[in-house]
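Asks: the amino acid sequence is not available; the structure is as follows:
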């Protein structure tokens, strides 16, 4: 049994860990975009390495987030199942983008790779901020109850 306060703490800890990694990915994408070349240079290799290193951590985070809040979202109110479906849809989209970014042989030329990586970063960071605001406002997780996972 894990309390809602513990759920919130786990989620915020994951966000604190992921945020600098996502910012670094966006920085690497910017480096590729600032390059005039559309060839596989040093910046592109660094971007690909950053994507690869972040891949597993993001997938683990998506799984944990869905598991942590599935029951509560479904039981909170009539909008809970909709919010859970929205979360899963966003995660599904992010998983698909990660797969495209990691494809071998590469599916995207360097500048497209960088654009997609930057868009993924923006979406994930935006979703994290939205979740944190909802948690701070008392949504999704109520401090005074405990649910079994």
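Replies: The structure has been received and is ready for your questions. Note that the structure is a prediction, hence the values are computed from the model and not measured.
Asks: all strands for the protein, in order.
Replies: 2-3, 146-147 (DSSP state E).
Asks: of the ones you listed, which shows the lowest average pLDDT?
Replies: Ranked on mean pLDDT, the bottom entry among those is strand 146-147, at a mean of 36.
Asks: where in the protein is pLDDT low?
Replies: Within the chain, the stretches with pLDDT under 70 are 1, 139-149.
Asks: tell me the centre residue of it?
Replies: residue 124 (4.0 Å; CA atoms, centre = their mean).
Asks: for residue 99, see how far away it is.
Replies: Counting by CB to CB, to the nearest Å, the gap from residue 124 to residue 99 is 15 Å. From N, CA and C alone the C-beta is placed, and that goes for glycine too.
Asks: before we move on, what about residue 16?
Replies: From residue 16 over to residue 99 (counting by CB to CB), the distance is 26 Å.
Asks: helices or strands up against the biggest helix by length in the chain?
Replies: The helix spanning the most residues in the chain, taking DSSP state H as the definition, is helix 42-76. Applying 3 or more CB pairs under 8 Å, 6 or more residues apart in numbering; DSSP states H and E, one finds that helix 42-76 contacts helix 4-34, helix 80-102, helix 110-136.
Asks: with distance to residue 40 added, can I get these in JSON lines?
Replies: JSON lines is the format used below for the helices and strands packed on helix 42-76 (distance: least, CB to CB, whole Å):
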{"stretch": "helix 4-34", "distance to residue 40": "10"}
{"stretch": "helix 80-102", "distance to residue 40": "14"}
{"stretch": "helix 110-136", "distance to residue 40": "6"}
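Asks: select, out of those helices, the one closest to residue 56.
Replies: When the helices and strands packed on helix 42-76 are ranked by proximity to residue 56, the top entry is helix 80-102, at 9.7 Å, counting by CB to CB.
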